[in-house]
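In: Sequence plus the predicted model coming up.
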Amino acid sequence: MKRRNNKGFSLIELIIAVAVMALLITPIIVQLAHTLETSAQAKEKQYADENAEYVMEYFRKTEKNVLDKGGSVDGQLNISNVSEWKVENSTGVECDLYVAGNSAVQDTIVYDVTDYSLDDVKLGKKNNTYTRTVSLDDLANRVMASSQSLRISYDVTKDTLPEGFTLLNDGSAVQYDENGHVNAIVCKPSTGDYEDPNETNLGNIQDLDSTKMAIIEGNSASLDTQYEADLLSLVTDIDTKLGITNASSINEDIKKITDNSLIYRSSVIITSGIIDQATNELKGYNVKVRIVYICNDTIHQQSIPIKSYTVYDKDFNTTEAPDVYFIFEPYVMAKSTPDIARYSSVEFLFVSADEYTNGQDGKDPSKIYLIKPQNTWFTTNNVSIPGSGADETSFWYPESGSAARVNVMINQNYKDSADYPLKIYTNISVDPVTGEWRDGGYMFNTTDIETGTAEWSIYHKVLTSIKNLGDVFPFDKTTGHYAHGERYIYPLREDPRYAGRLYSITVTLKDPKGRTTHYKGTKGAD
């Protein structure tokens, strides 16, 4: 019978096995610990970002005179100290202006800063304590108002970052002084005159607070791309229903519509009060914006369906009717073929107000700010604009080998002489220096539309379209009037109030190791 060997491992073998296992598992443990630490740091960074955004949002929506009082804010923030550095008191902050690629100082300006010290906050798994400060400044405005025609550059990258400068989250490059204020910044050349809105009468256009004002961001041309895509489907559906399935025939029909048809685009702005059904009292306001496209051409005697898009619909819990900030660019035809891309010759703007938003109740009425964007579809896509040699504050379309201003037909309804249409303020067709209309005239047509005209037909198609969606103007042509007979389109500078101001916000968080992180944003404040 064979004897079993039950001697087992020797002590030396066991020590060797443990040593080998330690060698194998140590890197894994180190890597795991490193991963856990990195994950914890990333999570803590996320908490810091979220806290900074919370602080940023509060400073965006809170009036500066409220912030300047200090003390407990919102039940979570506490402003322990407020310090002001004011130009008018000779304590403003000096800042050197540089241009990328040039080491010489181009200009030196002085700007205002208000610093707010907040209570500390504990973040992350280890409850690390972060100190928090916030600064409001008018640096961007002072830069653009400088004598050297500059503006802050927001497209600096790590590759182009000058030595000694810090790259911020908004793409700007700065240096800080011992008080944490920007004392050097990278700029780029700018064209045209600029007036600091903190020093001029531009009114609520600069109170860019989304809780108090309807801000229609971007420009309507971005929606044109969506409509063009939908237009392809509409034409294809019509051809398919008629038995036309040949791809070349369908493409030919599509090209006919997208490149050659006159398409009318209408922007519909509806401001109204919200009534509590139980008490019949005003409890807030609503602003709704729809964009309606009407193609008057046909495909094989088949009408192209009207398309309507809701681009904005928001309730406001404010004490007065909200203003509307609307970035405007006329319809861009043939966008898919830049060689023939052009603005439509006619554009429609419908504005509706009720007794709660037009000032009848004695409160401040809503106002419309119709703003031409700095970068239009044409400039972004490097497409030449007819008439751009004349002035760049207007929109142009080709006509008989020359160019003409787009005709923007503005329509407002009001019931009787006691109801007044909303005032519209704009920078379109306005000389940036004098503030007067270009060439003694402007692009807007506010005269009554005659019955039986093509414009009359478009008007009723738009109203029918929005009525089918549940929205109607409060008054129709049969019982009301168009807003005509008085001039209610004004250059931006004629806004009579000084309510809004532009500031930059910098939220600074410092961790226990003394590492500082800056978060940048902007606000409109009094």
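Out: Here it is on my side, so go on.
In: contacting residues for the nearest residue to Gly92 once chain neighbours are set aside?
Out: Closest residue to Gly92 apart from its sequence neighbours, by CB to CB, 6 or more residues apart in numbering: Val110 at 4.1 Å. All C-beta atoms are positioned from the backbone trio N, CA, C, and that covers glycine. The contact partners of Val110, by CB atoms under 8 Å, 6 or more residues apart in numbering, come to Val87, Gly92, Val93, Glu94, Cys95, Arg142.
In: For Val110, name its beta-bridge partners.
Out: Residues in a beta bridge with Val110, per DSSP bridges, are Glu94.
In: Which pLDDT value goes with it?
Out: Looking at Val110, its pLDDT stands at 94.
In: among the helices and strands of this structure, which has the poorest mean pLDDT?
Out: Ranked by mean pLDDT, DSSP states H and E, the weakest helix or strand in the chain is strand 481-482, scoring a mean of 44.
In: Identify the neighbouring strands of whichever helix or strand comes after that strand in the sheet and state each direction.
Out: For strand 481-482, the following helix or strand on the C-terminal side (DSSP states H and E) is strand 489-491. Its sheet considered, strand 489-491 pairs with strand 424-426 (parallel) by DSSP bridges.
In: Now do the strand it pairs with: everything it contacts.
Out: Taking CB under 8 Å, 6+ apart as the rule, strand 424-426 contacts 203, 205, 328, 351, 367-372, 410, 444, 488-492, 494-495.
In: Pull out the buried residues from those residues.
Out: Neighbour counting with 16 or more other CB atoms under 10 Å marks 203, 205, 328, 351, 367-372, 410, 444, 488-492, 495 as buried within the contacts of strand 424-426.
In: which ones among these are found in strands?
Out: Judged by DSSP state E, the subset of the buried ones among the contacts of strand 424-426 located in strands is Val351, Ile368, Tyr369, Leu370, Ile371, Ile410, Phe444, Ile489, Tyr490, Pro491.
In: Wait, the fourth one touches Tyr325, no?
Out: Looking back up the chat, that one is Leu370. No. At 9.0 Å, Leu370 and Tyr325 do not qualify as touching, with contact defined as CB atoms under 8 Å.
In: Which residue ranges of the stretch 101-250 of the chain form helices?
Out: Per DSSP state H, counting those that start in this stretch, the stretch 101-250 of the chain carries helices over the ranges 139-144, 221-241, 247-255.
In: Let's have these in a markdown table, adding mean pLDDT and mean neighbour count.
Out: Below are these laid out as a markdown table (pLDDT from 0 to 100; neighbours: other CB atoms under 10 Å):
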| stretch | mean pLDDT | mean neighbour count |
| --- | --- | --- |
| helix 139-144 | 85 | 22 |
| helix 221-241 | 84 | 17 |
| helix 247-255 | 86 | 14 |
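In: Same list, those helices, but as JSON lines with distance to Lys283 please.
Out: Converted to JSON lines, those look like this (distance: least, CB to CB, whole Å):
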{"stretch": "helix 139-144", "distance to Lys283": "37"}
{"stretch": "helix 221-241", "distance to Lys283": "31"}
{"stretch": "helix 247-255", "distance to Lys283": "48"}
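In: for those helices, which one sits closest to Arg405?
Out: With CB to CB as the criterion, Arg405 lies closest to helix 221-241 of these, at 17.2 Å.
In: tell me which element His518 falls in.
Out: Assigned by DSSP H and E, His518 belongs to strand 516-524.
In: Let me know which of the helices of the stretch 101-250 of the chain is the nearest to Leu262.
Out: helix 221-241 (13.2 Å).
In: now the angle between helix 247-255 and that closest one, please.
Out: Helix 221-241 and helix 247-255 are oriented at 140 degrees to each other (axes from the mean of the first three to the mean of the last three CA atoms, to 10 degrees).
In: Begin at 86 from now on, thanks
Out: Will do, 86 is the new start, and the previous item becomes helix 306-326.
In: Packing partners of helix 306-326?
Out: Applying 3 or more CB pairs under 8 Å, 6 or more residues apart in numbering; DSSP states H and E, one finds that helix 306-326 contacts helix 332-340, strand 367-380, strand 383-384, strand 392-401.
In: Give me the sheet partners of the second one and which way each runs.
Out: Within its sheet, and counting by DSSP bridges, strand 367-380 is paired with strand 348-360 (antiparallel), strand 392-401 (antiparallel).
In: closest to Pro517 out of those strands?
Out: Smallest distance to Pro517 across the strands paired with strand 367-380 (CB to CB): 23.9 Å, for strand 348-360.
In: in the closest one, what's buried?
Out: Buried residues in strand 348-360, counted by 16+ other CB under 10 Å: Ile348, Tyr349, Arg350, Ser351, Ser352, Val353, Ile354, Ile355, Thr356, Ser357, Gly358.
In: Just the CA trace of it, in PDB.
Out: What follows is strand 348-360, C-alpha atoms only, in PDB (Å, rounded to 0.1, in the frame of the first residue of the first chain):
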ATOM      1  CA  ILE A 348     -40.800  82.000 -48.300                       C
ATOM      2  CA  TYR A 349     -42.300  84.300 -45.700                       C
ATOM      3  CA  ARG A 350     -41.100  83.900 -42.100                       C
ATOM      4  CA  SER A 351     -43.100  85.500 -39.300                       C
ATOM      5  CA  SER A 352     -42.000  85.900 -35.700                       C
ATOM      6  CA  VAL A 353     -44.900  86.000 -33.300                       C
ATOM      7  CA  ILE A 354     -44.400  87.500 -29.800                       C
ATOM      8  CA  ILE A 355     -47.300  87.100 -27.400                       C
ATOM      9  CA  THR A 356     -47.100  88.800 -24.000                       C
ATOM     10  CA  SER A 357     -50.000  88.200 -21.600                       C
ATOM     11  CA  GLY A 358     -51.100  88.200 -17.900                       C
ATOM     12  CA  ILE A 359     -51.800  84.900 -16.100                       C
ATOM     13  CA  ILE A 360     -55.100  85.000 -14.200                       C
END
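In: now that strand, how far from the centre of its chain.
Out: 19 Å (CA atoms, centre = their mean, to the nearest Å).
In: Check stretch 252-260 too.
Out: Using CA atoms, centre = their mean, the offset of stretch 252-260 from its chain centre is 20 Å.
In: so where is the stretch 236-385 of the chain shaky, pLDDT-wise?
Out: 276-294, 302-307 (pLDDT under 70).
In: ok so, going back, would you tell me which of the strands paired with strand 367-380 gets closest to Asn212?
Out: Nearest of these to Asn212, taken as CB to CB: strand 392-401 at 38.0 Å.
In: any chance of the strands paired with strand 367-380 in a markdown table, plus distance to Asp205?
Out: Converted to a markdown table, those look like this (distance: least, CB to CB, whole Å):
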| stretch | distance to Asp205 |
| --- | --- |
| strand 348-360 | 41 |
| strand 392-401 | 34 |
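In: Of these, give the one that comes closest to Arg490.
Out: With CB to CB as the criterion, Arg490 lies closest to strand 348-360 of the strands paired with strand 367-380, at 16.3 Å.
In: quick one: the strands in the stretch 136-285 of the chain?
Out: Secondary structure of the stretch 136-285 of the chain (DSSP state E, counting those that start in this stretch): strands located at 156-158, 162-170, 178-184, 187-196, 198-208, 213-222, 235-237, 251-252, 258-261, 267-274.
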